[in-house]
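**Q** what follows is a predicted structure for the sequence shown.
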Amino acid sequence: MSYNTEADIAGFVNTVWADAMLVARDNNVMTGLVTQFGDLTGLAVRKNAKYSGTAVFNQIAETDDLSSQALTPAVDQTLTPYEYGAQYFITDSRLETDIYPIRQDAALELGASYGQKIDQLLVGLFSSMTGGTVGGTSTDITWANFFAAVSKMRRAMAPQPWACVLSPEQYHCLGTAIAPGVTVTNAPQLQDDFVRRYYMNTVAGVDIYVTANIAAGTGVYGGMFSCNALALDMRRPFRLEPERDASRRGLELNVSSIYAYGVWRPQYGIAIRTAGTAPV
């Protein structure tokens, strides 16, 4: 018996494609948590100053004459701007033939990649913060590590508000330590919040954020910091410039930006060095 099946006409039927899937990006969190400058253009470096010594108060007698103390500034940190750029070249034939809106998709990808680049550069500064280090390589993070960082922040007299940025793997360890079935004395609300949202807005006065822009590994750096511990100095914002290239018969999508980034008041940040391997 003969059957008329889909296989008989498969070579004539157009493939149904889902929308183009761009490279996955995690939400970028760091730019809103650090000191930002936007008052300059060009490539001039930016420096800050730090005073040496502090005022000393001594007991004085009625007739004693006060003596002046030194208050001398010295350069502490320097932000050096560089130019960053990327390009997609799309031929006329590709634009005329592609079933996807390639020009829009390319522009979207350039923007997403730009934001992720800045976030990755900023989280890469956690190891350069000098307020102290908690945890240990290949050792899972614990709430004891978290509160040790809080204590170090208070000892450093870091100005509030404070943020704690962790990798997904680090936060997984904190989450499983407080999940239902684990005894947490006098903290039922904390367990309830975790069950509802897998996220705590604030713990011990510290806002917690999670980002996959911290790469996984046996030893990774999260960080707890005041906003002025790190800085982003934007000299020229993201600029997308389409340019027609007639000789190559296509369109260039050119993106460029100038910015500097770095530690600014590194004593107001704590490095959280722990294992960051995927949970099992």
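**A** Thanks, I have the structure now. Just so it is clear, the model here is predicted, and its values are computed rather than measured.

**Q** and Thr139, what does it touch?
**A** Residues near Thr139 by CB atoms under 8 Å, 6 or more residues apart in numbering: Thr274, Ala275. All C-beta spots, glycine's among them, are computed from the backbone N, C-alpha and C.

**Q** do Ala107 as well
**A** Contacts of Ala107 (CB under 8 Å, 6+ apart): Leu240, Leu253.

**Q** helix, strand or coil for it?
**A** Here Ala107 is helix, with the state taken from DSSP: H, G, I helix; E, B strand; the rest coil.

**Q** what about it, distance to Gln87?
**A** 12 Å (CB to CB, to the nearest Å).

**Q** show me the helices in the stretch 51-200 of the chain, by range?
**A** Taking DSSP state H, counting those that start in this stretch to define them, one finds helices in the stretch 51-200 of the chain at 92-97, 102-123, 143-155, 168-176, 188-197.

**Q** quick check: angle from the fourth one to helix 143-155?
**A** Taking axes from the mean of the first three to the mean of the last three CA atoms, to 10 degrees, one finds helix 168-176 and helix 143-155 inclined to each other by 110 degrees.

**Q** okay, helix 168-176 in PDB with CA atoms only?
**A** Extracted C-alpha coordinates of helix 168-176, given in PDB (Å, rounded to 0.1, in the frame of the first residue of the first chain):
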ATOM      1  CA  PRO A 168      26.300  32.000  41.200                       C
ATOM      2  CA  GLU A 169      28.300  29.100  42.600                       C
ATOM      3  CA  GLN A 170      29.300  31.100  45.700                       C
ATOM      4  CA  TYR A 171      25.700  32.200  46.300                       C
ATOM      5  CA  HIS A 172      24.600  28.600  45.800                       C
ATOM      6  CA  CYS A 173      26.700  27.600  48.900                       C
ATOM      7  CA  LEU A 174      25.100  30.400  51.000                       C
ATOM      8  CA  GLY A 175      21.600  29.400  49.800                       C
ATOM      9  CA  THR A 176      22.000  25.700  50.600                       C
END
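
**Q** any idea how far that helix is from the chain center?
**A** Distance, stretch centre to chain centre, for helix 168-176: 17 Å (CA atoms, centre = their mean, to the nearest Å).

**Q** quick check: buried residues in it?
**A** Buried positions in helix 168-176, judged by neighbour count with 16 or more other CB atoms under 10 Å: Pro168, Glu169, Gln170, Tyr171, His172, Cys173, Leu174, Gly175.

**Q** what about the stretch 51-200 of the chain, any weak spots by pLDDT?
**A** Counting by pLDDT under 70, the stretch 51-200 of the chain has low-confidence residues at 179-200.

**Q** how about a cut-off of 90?
**A** 51-54, 70-71, 99-100, 137-138, 172, 174-200 (pLDDT under 90).

**Q** can you tell me which strand in the chain is longest?
**A** strand 230-245 (DSSP state E).

**Q** between that one and helix 102-123, how big is the angle?
**A** Interaxial angle, strand 230-245 versus helix 102-123 (the same axes, to 10 degrees): 160 degrees.

**Q** and the contacts of strand 230-245?
**A** By CB under 8 Å, 6+ apart, strand 230-245 touches 30-31, 33-38, 40-43, 46, 79, 81, 83, 89, 107, 110-111, 114, 118, 122, 125, 129, 251-264, 269.

**Q** out of the residues you listed, which sit inside strands?
**A** Those of those lying in strands (DSSP E): 35-37, 46, 79, 83, 89, 251-263, 269.

**Q** just how off-centre is the longest strand of the chain within its chain?
**A** With CA atoms, centre = their mean as the basis, strand 230-245 stands 19 Å off its chain's centre.

**Q** between strand 250-263 and that strand, find me the angle.
**A** Angle, strand 230-245 to strand 250-263, by the same axes, to 10 degrees: 170 degrees.
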